[in-house]
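**Q** Kindly generate the corresponding structure for this input.
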Amino acid sequence: MWKRVKKQRVQGRVARFRVPGGAEPDAARAPDDAMPLAASILWQPIDAAPGQDAELPVFISQRALTAIHDHCAAGHETCFGLLTGRLVRTADTGASYLVVESTIRLPGGTGDDAKAALLEGWVVAQDVVRRTGDRLVGWYRGRWTGDAGLTSAEAGTHTAVFAEPWQVAVAVGSGDLTVGGVFRRSTRSAWAHECLPFYELVDPSSIRPDGSKPTRLRWDNYRTEETALVTSATPPGPAAVPAPAEAALAPAGAPSWRTSSLTPQVLWPDQFGSAEGAKAGEAASSRIRVGRAGRWAAYIVAGVLAVAGLLRLYSAVASPAPPGPAQRTPEADAVTPGARLDRAADTLALAIAAFDLRAQLFASRQMQCPELARGLVLVEERWTAYNGVRKTSGVALDSAGTARDRALYADVDGVERRFERSACPRP
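**A** Now for the predicted structure:
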């Protein structure tokens, strides 16, 4: 459902996603805020190091995963949206964790421009979260691509708009494979390409007596060591081919998978897409194959397929190459001194624009001093970085560069003056 909202001369449309029959994100919760590990499925990137990003666990509800897929799987156009949820601190240990509970769909029409989509949506969505009591915990993007990482522009937009270190970005790519990733800003230069582990939050009532849990995740670049069953809500695909016992090809020292009472079946990549006109009840629940050895076993048994189809599946599940010098990072996009200076200027301008939006929300009493102060800190950091690049690049500014430099100085000075007028304490 679309709703047009007008706030401080900024117009936009957002759609609030709700699953029929699902609980509202702000429904009454039990007082126990312990991490819901028993009702979750831990997913880790296939090439992730053990214990990666264990400091702040991320839990994503199946409702949110379904909303992202439904929004972005409709076509080949890039889609954007916001994530809402809560940051929880456990009462017993004081440990914190993030819960992504629902989504806010942003309208299309911006193409691949994450800056345009998120800046407008971020302001307009404040009206939604104010009415619902939710909290913006991040954003998502879907694109027809085989790369799960964020682009340089998307990483810069995330840093400018989502200043909290715990806020996340979820990127989904569709193509021959369905890939995805959860990202959070860190001190590492390649953070925008480093997928983080996360927990898929399962409805406790859907857990089977044998302990197996349903899943709605459709990302081929993540793995789990738990028993995970495809839910009946998953669109049916080609007939599943029975796989042999997994233990026969399991390498020495591999973890022993928990077994289900159902016959193990393999899921082809096409099963993660849509299937219109499927008969009701046609999709039988089947286990998601976890670990690379299990997938190879299933594909070997499927040797009766045509050679062309087998080669296509082989390329689809080939192990990803380890990160090397050729891996692209946001910093690798700017290789020349002039390009680095241009990128620093663009990032500074984005931080200034984000502060302007924060100032509008502060003036309308939709934002408090701490949030406004974080915007100021971000502008100051970007201004310092821009001046550092300008001094070390050795690039002689032409008339356009000089005008840009003066305009940025004036804008930063304006940010400082606006913050002083807010009467908020300096950070």
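**Q** give me the element residue 182 is part of.
**A** Per DSSP states H and E: residue 182 is located in strand 178-184.
**Q** Following element in sequence after that strand, please.
**A** strand 198-201.
**Q** So which residues make contact with that following strand?
**A** If you take Cβ atoms under 8 Å, 6 or more residues apart in numbering as the criterion, strand 198-201 is touched by 36-37, 39-43, 57-62, 65, 99, 182, 215-217. Backbone N, C-alpha and C define where each C-beta goes, glycine included.
**Q** go with 10 Å
**A** For strand 198-201, the external contacting residues (Cβ atoms under 10 Å, 6 or more residues apart in numbering) are 35-37, 39-45, 53, 57-65, 85, 97-101, 168, 170, 180-182, 213-217, 222, 224, 226, 228.
**Q** can you tell me which of those residues are in helices?
**A** Using DSSP state H, the members of the contacts of strand 198-201 that fall in helices are 62-65.
**Q** Residue 93: helix or strand, and which one exactly?
**A** Assigned by DSSP H and E, residue 93 falls within no helix or strand.
**Q** Next, the contact list for it, please.
**A** Contact partners of residue 93, counting by Cβ under 10 Å, 6+ apart, are 34-35.
**Q** Reformat the ones in helices among the contacts of strand 198-201 as CSV; add distance to residue 137.
**A** Compiled in CSV, the ones in helices among the contacts of strand 198-201 are given as follows (distance: Cβ to Cβ, whole Å):
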residue, distance to residue 137
62, 16
63, 14
64, 10
65, 14
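**Q** If you rank the residues you listed by neighbours, which is first?
**A** Highest neighbour count within the ones in helices among the contacts of strand 198-201: residue 64, with 27 neighbours (other Cβ atoms under 10 Å).
**Q** Next one: that one from residue 198, what distance?
**A** In this structure, residue 64 and residue 198 are 11 Å apart, going by Cβ to Cβ, to the nearest Å.
**Q** do residue 153 as well
**A** 24 Å.
**Q** Which one's more surrounded, those two?
**A** residue 198 (26 against 18).
**Q** for the closest residue in space to the more buried one that isn't next to it in sequence, what are its contacts?
**A** Spatial nearest neighbour of residue 198, chain neighbours left out: residue 58 (4.2 Å); criterion: Cβ to Cβ, 6 or more residues apart in numbering. Applying Cβ under 10 Å, 6+ apart, we find residue 58 in contact with 85, 97-100, 137-138, 166, 168, 170, 182, 184, 196-199, 201.
**Q** Okay, strands next: where are they in the stretch 51-200 of the chain?
**A** Secondary structure of the stretch 51-200 of the chain by DSSP state E, counting those that start in this stretch: the strands cover 58-61, 79-89, 96-105, 135-143, 168-174, 178-184, 198-201.
**Q** partners of the last one in the sheet?
**A** Each strand pairing with strand 198-201, determined using DSSP bridges, is listed with its direction: strand 40-45 (antiparallel), strand 58-61 (parallel).
**Q** what about the residue nearest to residue 418 when sequence neighbours are not counted, neighbour count?
**A** Leaving aside its chain neighbours, residue 418 sits nearest to residue 359 (5.5 Å; criterion: Cβ to Cβ, 6+ apart). Residue 359 has 21 neighbouring residues, counting by other Cβ under 10 Å.
**Q** ok, now residue 68?
**A** Around residue 68 there are 25 residues (other Cβ under 10 Å).
**Q** Now do the same contact list for it.
**A** Residues counted as contacts of residue 68 (Cβ under 10 Å, 6+ apart) are 17, 60, 79, 81, 83, 100, 103, 105, 140-142, 170-172, 180.
**Q** Could you do residue 181 as well?
**A** 45, 147-150, 169-173, 192-196, 198, 219, 221-222.
**Q** And the buried ones among the residues you listed, selectable in PyMOL?
**A** To isolate the buried members of those in PyMOL, using 16 or more other Cβ atoms under 10 Å:
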select buried, resi 45+148+149+150+169+170+171+172+173+192+193+194+195+196+198+219+221+222
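**Q** Disregarding residues adjacent in the polypeptide, which is nearest to residue 424?
**A** Leaving aside its chain neighbours, residue 424 sits nearest to residue 369 (3.7 Å; criterion: Cβ to Cβ, 6+ apart).
**Q** same check, this time on residue 155
**A** With Cβ to Cβ, 6+ apart, the residue lying closest to residue 155 is residue 192, at 3.9 Å.
**Q** The closest residue to residue 76 other than its chain neighbours: neighbour count?
**A** Leaving aside its chain neighbours, residue 76 sits nearest to residue 144 (4.3 Å; criterion: Cβ to Cβ, 6+ apart). For residue 144, the neighbour count with other Cβ under 10 Å is 12.
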